[in-house]
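Peer 1: what would the 3D arrangement of this be:
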Amino acid sequence: MRWDWTQQTRTVSFRKMRLRRPRRSRPRVDLHKTLFVLPNLITMGSVFCGFNAIRLVARDVPTENDVYRAAVLLMFAMLFDLMDGRVARLTKTQSAFGLQLDSLADVISFGVAPALLVYKWVLYREPTFGVFVSFLYVACAAIRLARFNVISSTPTGAPVKPGKYIMGLPSPPSTGILVSLIVANHSMGGALGGEQYTLVLFGVTLGLGLLMISSVRFRSFKDVQLNTGTVLFVLFVLGSSAFVWLQWNPQFVLVWLLSFYVLIGIIDSVHALVMRLLRPSSTRDSLPPVQPS
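Peer 2: As a prediction, this is how the structure comes out:
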């Protein structure tokens, strides 16, 4: 029997080559980079709600049910807006891109959408003045968010840590007051949308828009501590909300809470202004820092 040395050598060499060949490393998924998508997806949920709210009331004569459904969608947009920043902080995925995307989303969901919604609800009764007030609301929201982008980021575009106070009424609470009025109106069978309240709603829309670009300081509640003052404040909020619930309607609780937030900001700003005027001139510029939000 003849032994084929050539074939045996080739077989052994091939086996050695297979053993020496380095294995391809499987691509590893960077979980931290993947988490950057999560808060941005939540922000897109806010944009989706704002877009659908616009779609519902963009017809010539939207029904009362269309207006109500659009208001509910904007409430969900507020929920998404509340979540995205907190998710970004919990996952440590805050970025300049997320900051810019959040502001652009707010222009749609808390600028254009509520302005068109309140116009189709009540302000259309005075076409010229109604368009002007609605546009002013959108303009104030855009200016406020542009100011937010400038002050709340470093020269490199990275977001900075929010402070104790924020300057100007944030656009989500401003939108929340308008949509909560629409929800309360739906529960009352359309009573709040009557002719007698047209001028009042004009004033509310105009006032909310001007508060967004004002220098009124609003609390951010970023540094809330458990103390006697906090406990008394929470008890007052719960008790007053229960009173509103029982006295009027459950849907008015949100109107009360957001209006109370605005009232606190105005009172704080007036108090700070009075204290500043009473201080000596050398210490008048030492007020607590404020940041938009």
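Peer 1: looking at this, Ile166 is in a helix?
Peer 2: No. Ile166 is assigned strand when assessed by DSSP: H, G, I helix; E, B strand; the rest coil, not a helix.
Peer 1: what is it paired to in the beta sheet?
Peer 2: Taking DSSP bridges as the rule, Ile166 bridges to Phe218.
Peer 1: burial count for it?
Peer 2: Ile166 has 23 neighbours, counted by other Cβ atoms under 10 Å. Where C-beta positions appear, they are placed from N, C-alpha and C, glycine not excepted.
Peer 1: how near is it to Met78?
Peer 2: Ile166 is 16 Å from Met78, where distance means Cβ to Cβ, to the nearest Å.
Peer 1: do the same with Val61
Peer 2: In terms of Cβ to Cβ, Val61 sits 27 Å off from Met78.
Peer 1: then Arg147?
Peer 2: As for Arg147, its distance to Met78 is 20 Å (criterion: Cβ to Cβ).
Peer 1: list the buried residues in whichever helix or strand Phe233 is part of.
Peer 2: Phe233 is located in helix 228-247, with elements delineated by DSSP states H and E. The neighbour-count check on helix 228-247 (16 or more other Cβ atoms under 10 Å) flags Ser241, Val244 as buried.
Peer 1: then stretch 78-91?
Peer 2: Those would be Met78, Phe80, Asp81, Met83, Asp84, Gly85, Val87, Ala88, for stretch 78-91 by 16+ other Cβ under 10 Å.
Peer 1: columns secondary structure and pLDDT on top of the residues you listed, output as CSV?
Peer 2: Output for the buried residues of stretch 78-91, formatted as CSV (DSSP: H, G, I helix; E, B strand; the rest coil; pLDDT from 0 to 100):
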residue, secondary structure, pLDDT
Met78, helix, 94
Phe80, helix, 94
Asp81, helix, 91
Met83, helix, 89
Asp84, helix, 85
Gly85, helix, 81
Val87, helix, 85
Ala88, helix, 81
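Peer 1: export these to JSON lines and tack on distance to Val270?
Peer 2: Formatted as JSON lines, the buried residues of stretch 78-91 follow (distance: Cβ to Cβ, whole Å):
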{"residue": "Met78", "distance to Val270": "27"}
{"residue": "Phe80", "distance to Val270": "33"}
{"residue": "Asp81", "distance to Val270": "28"}
{"residue": "Met83", "distance to Val270": "33"}
{"residue": "Asp84", "distance to Val270": "32"}
{"residue": "Gly85", "distance to Val270": "29"}
{"residue": "Val87", "distance to Val270": "35"}
{"residue": "Ala88", "distance to Val270": "34"}
